Every structure is written in structure tokens, then in C-alpha cells.
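> Any chance you can model this:
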Amino acid sequence: MSFFLWVVLGLAVLFAVAAGLRAVARTTLTGSARTLANDMPLTAAFGILVILIYAFVAIATPVLAPFPEREIVGTQFEAWSAEHPLGTDRIGRDMLSRLIYGARNTVGIAFATTALAFIVGSVLGIWAALTGGWVDQILSRFVDALMAIPALIFSLLLLTIFGTSITALILVIASVDATRVYRLARAVAQGIVVMDYVEAAQLRGERSWYLIRREILPNAMAPLVAEFGLRFCFVFLAISSLSFLGLGIKPPTADWGSMVRDNATLITFGDVTPLLPAGCIALLTVAVNFVVDWQLYRASGLKE
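Numbering: from 1, shown residues only. Next comes the predicted model:
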């Protein structure tokens, strides 16, 4: 019970700090920045704070981790102690260090995968909407065929064929998620390509890349940015799920999904250590969703 009390206390502290930062921003910022701070709900401030903490941990991992990522520093499943605040795993590696390194590995790979999926999916989707005709039909039917296959099963199949290296993991999950981004980007772009300013640019003789970069993409950024946050959560959870199943990030590289699997035995003895990486996954997912909800609300133009 004390562990869960510490979790509740930690979340309360984070919410309090987020509220304080929002209040400071409201009083110290000027102009549009102050307007943005006034429109920011407490949940969005909390989400931004959590994301910044995760980013700081991922960047400063070598400094924050007390032990190297792969070093065996004790016996298996040691209890929490002053030397090992979160104990050790099944082969004697420090859990706190593995948890910190997992932030850089899991979050970094998820972000790279999401960015690749968005670059490919959004460019192809906007290009299909702008070009139309047989290009749009071929790309759309191909994407429909891929989306008809369950994403997790399709990812497992491709990883079984191409291997489970980090490069293959990024390319496979990015390919699967690019289909979802393609559908959204195409739907948004179809409402923009019929606008007068796009037709005027076409009459000037502008090329497709110019139209995508200067006319369509800036006007489609709001839904695409919101979708980026949601897609990051899906990719983040997919990578963790694949690692839990043994087809994600391979040991000895620290990863939160594989850490849950490797230490799951401790749950039967009442040890909450396997819940820590699962909690890190859940907290970041909730934080990103808080920020995405706020951005969707701002993009909708609604007012309280």
C-alpha cells in the first residue's frame, strides 16, 4: 500500500508543480504567450511537464544512471536498498539504471518511428489528394489492403520475416502506421486542394512539391500535429507490446516492455518492481494525450 501512496503523492506533486508553472507563466509572459498560458488547462500543463521530464531524463541518461546499462552489479532479484534503490533484475543488473536507460531507448525509438511514419504518410497522402486520378486510386487501394490486416499481427509477421533489429523494428512499425497517417492526410488535403489559393498557385504553374510545402501542408498542420501525438502513443505502446512478446528491442538493451516481461515473476511475491516500467509507459501515454486534447480543442476554435 505504501508504494501506491507514493505514486499518488508523486502525481499530486507533479500536478502542483504544473499548476505553479502555469501560474508563473500567466503573470510573467506577455502578449500571445500569456494568452496561450491562460488558455492552457491544468491537465495540459501537467502533460507538458511530464514530457519535459522524460525528455530531460532521455538526454541526461549517462549522468543520471548510477550504473551502466548492461553491467551486472549484484545477485538476481535483490530487494530495494540504498545501493540499489529499485533492486536488481533477474540477472543482477540495477533496475533504476535500466529504467533510466529505457527512457532513452523506448521513447527515442518511438519518436523516430512516428516521425518516419508521418513523413511518408503525410507526403503520400497530400500528393495523392493533389494529383488525383489513377495515382490516388492505386495508393488508396493499396493502403486499404494494408489497413485490412490487424496492425499487431502484421507487425509480428513482418518482424518474423525481416528480423528484430532496431532498424527493422523502426521500418516495420513506421510502414504499418504510415497507412493511418496517409488516410488522415489525404482526407484533410482533399478539403484544401479545392481552395482558391491552391487553384491560383496551380494557374501560376507552381509544381506539386511547392504546393504541398507552401500551400497545403501549413493549412493542414493542426490536425496532423494532433494526430502525431496520438500516433506517438500508439507506436510507443506497440513497441512496448512487441518487446513484451520478445519481438521488440532485444536484450541487453534496456526497454520498458521487456523489463515488464523479465521481472513479471516478482508480482507473484508481492513485489511491485515490474509495475514501474509499466507505470512509466502509462504516465507518458496519459501526458501526451492531455497535450493532444488541448491542441485539438485549440484547433477547433471552441471557447469555454
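> alpha carbons only for contacts and neighbour counts from here, please
Will do.
> what about Thr164, which SS state?
Following DSSP: H, G, I helix; E, B strand; the rest coil, we place Thr164 in the coil state.
> Can you verify my assumption that it contacts Leu247?
Yes. Using C-alpha atoms under 8 Å, Thr164 and Leu247 qualify as a contacting pair, with a distance of 6.0 Å.
> Apart from its chain neighbours, what residue comes closest to the residue most central in space within the chain?
Closest residue to the average C-alpha location of the chain: Phe232 at 2.9 Å, with C-alpha atoms, centre = their mean. Leaving aside its chain neighbours, Phe232 sits nearest to Thr114 (5.6 Å; criterion: C-alpha to C-alpha, 6 or more residues apart in numbering).
> that's a helix at that neighbour, yeah?
Yes. The assignment for Thr114 by three-state DSSP puts it in a helix.
> Any idea how far whatever helix or strand the residue nearest to the centre of the chain lives in is from the middle of the chain?
Taking DSSP states H and E as the criterion, Phe232 maps to helix 221-245. Relative to its chain's centre, helix 221-245 lies at 5 Å (C-alpha atoms, centre = their mean, to the nearest Å).
> check contacts around Thr113.
Contacts here follow C-alpha atoms under 8 Å, 6 or more residues apart in numbering; on that basis Thr113 touches Ile170, Leu171, Ile173, Ala174, Val235.
> Going by distance to Glu78, which of those residues wins?
Val235 (32.5 Å; C-alpha to C-alpha).
> contacting residues for the closest one?
Contacts of Val235 by C-alpha under 8 Å, 6+ apart are Ala110, Thr113, Thr114, Ile173, Asp177.
> now the residues you listed in CSV, with distance to Gln190?
Below are these laid out as CSV (distance: C-alpha to C-alpha, whole Å):
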residue, distance to Gln190
Ala110, 29
Thr113, 26
Thr114, 23
Ile173, 26
Asp177, 20
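> what's the farthest-apart pair in these?
Every pair of the contacts of Val235 checked by C-alpha to C-alpha; the farthest is Ala110 and Asp177, at 11.6 Å.
> Could you check how far the residue nearest to the centre of the chain is from Ala128?
Phe232 sits 24 Å away from Ala128, going by C-alpha to C-alpha, to the nearest Å.
> Strands of the stretch 201-304 of the chain, residue ranges please.
Under the criterion DSSP state E, counting those that start in this stretch, the stretch 201-304 of the chain carries no strands.
> Give me the below-cutoff pLDDT ranges for it.
Scanning the stretch 201-304 of the chain for pLDDT under 70 picks out the ranges 299-304.
> which residues of the protein fall in helices?
Using DSSP state H, the helices found in the chain span residues 2-28, 31-39, 42-59, 61-64, 95-102, 108-131, 133-147, 151-162, 166-192, 196-203, 208-210, 221-245, 256-262, 275-300.
> Return the most buried member of these.
Ranked by mean neighbour count, these are led by helix 95-102 with a mean of 25 (mean count of other C-alpha atoms under 10 Å).
> ok now that helix, how far from the chain's centre?
In terms of C-alpha atoms, centre = their mean, the centre of helix 95-102 is set 19 Å apart from its chain centre.
> now for it, which elements pack on it?
Helix 95-102 is packed against helix 42-59, helix 61-64, with contacts defined by 3 or more C-alpha pairs under 8 Å, 6 or more residues apart in numbering; DSSP states H and E.
> Quick one: mean pLDDT over that helix.
Regarding helix 95-102, the rounded mean pLDDT is 88.
> How about stretch 168-185?
Mean predicted lDDT for stretch 168-185 stands at 89.
> now what about it, what contacts it?
109-110, 112-114, 116-118, 120-126, 140, 143, 146-147, 151, 154-155, 158-159, 162, 220, 224, 227, 231, 235, 248-249.
> again, 7 Å this time
For stretch 168-185, contacts defined as C-alpha atoms under 7 Å, 6 or more residues apart in numbering pick out 113-114, 116-118, 120-122, 124-126, 143, 147, 151, 155, 158-159, 162, 248.
> Stretch 292-300 now?
With contacts defined as C-alpha under 7 Å, 6+ apart, stretch 292-300 is touched by Ala44, Ala222, Ala226, Gly229.
> Make CSV out of the residues you listed and add distance to Asp94.
Shown next, in CSV, are those (distance: C-alpha to C-alpha, whole Å):
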residue, distance to Asp94
Ala44, 33
Ala222, 42
Ala226, 37
Gly229, 32
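> And those, which two are furthest apart?
Ala44 and Ala222 (16.5 Å).
> Let's have the helices and strands packed on helix 95-102 in CSV, adding mean pLDDT and distance to Ala187.
CSV is the format used below for those (pLDDT from 0 to 100; distance: least, C-alpha to C-alpha, whole Å):
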stretch, mean pLDDT, distance to Ala187
helix 42-59, 87, 27
helix 61-64, 87, 40
